[in-house]
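Q: Just a sequence and a predicted model for now, questions to come.
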Amino acid sequence: MTALGMRPLQPVPALTSCTASNGADLGAVAPNYGFGGGPAYLSGQDSWYSRGQAAFVMVDARYSGPLLVRGFQLGGAGKSTITLADYALAIDSMDAYKESQHGVDLVPAVHTAGGGLYLQAAVPSSFWRAWLGSLSTDGPGCFGLQVDGDVFTEFIVFAVQAGAPPPG
């Protein structure tokens, strides 16, 4: 974790509009979609709201190394923050069993001092790894996640709308 934490948050070039990261078909795993270029993807929603929603950080089975996930605001003077929180209710064995039926191992994350997540390296497997929690922000805007792995840095960009998600 120390080596990845020493990597600075890299500024993403100024955007004139919030262009979200492309979606990807994650195949037979569930959820079977995510945003980003891989091997890490943001999943769980196709639109985001500031009051928070369920979020998955999905990690392709072909990458078994550690990950450091840190959030930031694009534009807006960086005054808003992202909160990545574990679910208030513990992930129980039924949740883990359900996800394992779809080729996914739910994994815990260590929360870093700066509000990020650290996912430890895993034993190589055909199963994807996924952290399941919630993502919320201080307000609407354009946000991103910087995902650092052993030999890569990836950016996932997404727009957040004000308030709570609509019912349904």
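A: Yep, it's here.
Q: Just the element for Phe155, please.
A: strand 153-161 (DSSP states H and E).
Q: Average pLDDT for that strand, rounded please.
A: Across strand 153-161, the average pLDDT comes to 94.
Q: Residues touching it, excluding its own?
A: If you take C-beta atoms under 8 Å, 6 or more residues apart in numbering as the criterion, strand 153-161 is touched by 7, 10, 12, 15, 18-21, 35-42, 47-50, 74, 137, 139-148. Any C-beta I mention is one placed from the backbone N, CA and C, and that applies to glycine too.
Q: Bridge partners for the residue nearest the centre of the chain, pull those for me.
A: Of all residues in the chain, the one closest to the mean position by C-alpha atoms, centre = their mean is Val57, 3.7 Å from it. Counting by DSSP bridges, Val57 forms beta bridges with Leu42, Trp131.
Q: Could you tell me which residues make contact with it?
A: Residues in contact with Val57, defined by C-beta under 8 Å, 6+ apart, are 40-43, 67, 69, 84, 109, 117, 119, 130-131, 145, 147.
Q: next one: stretch 74-86 to chain centre, how far?
A: 13 Å (C-alpha atoms, centre = their mean, to the nearest Å).
Q: Report the separation between the two terminal residues of stretch 147-165.
A: End-to-end distance for stretch 147-165: 25 Å, by C-alpha to C-alpha, to the nearest Å.
Q: what are the ranges of the strands in the chain?
A: 23-25, 33-35, 40-43, 48-49, 53-59, 67-74, 82-86, 104-106, 110-111, 117-119, 128-137, 141-148, 153-161 (DSSP state E).
Q: Perfect, that will be all.
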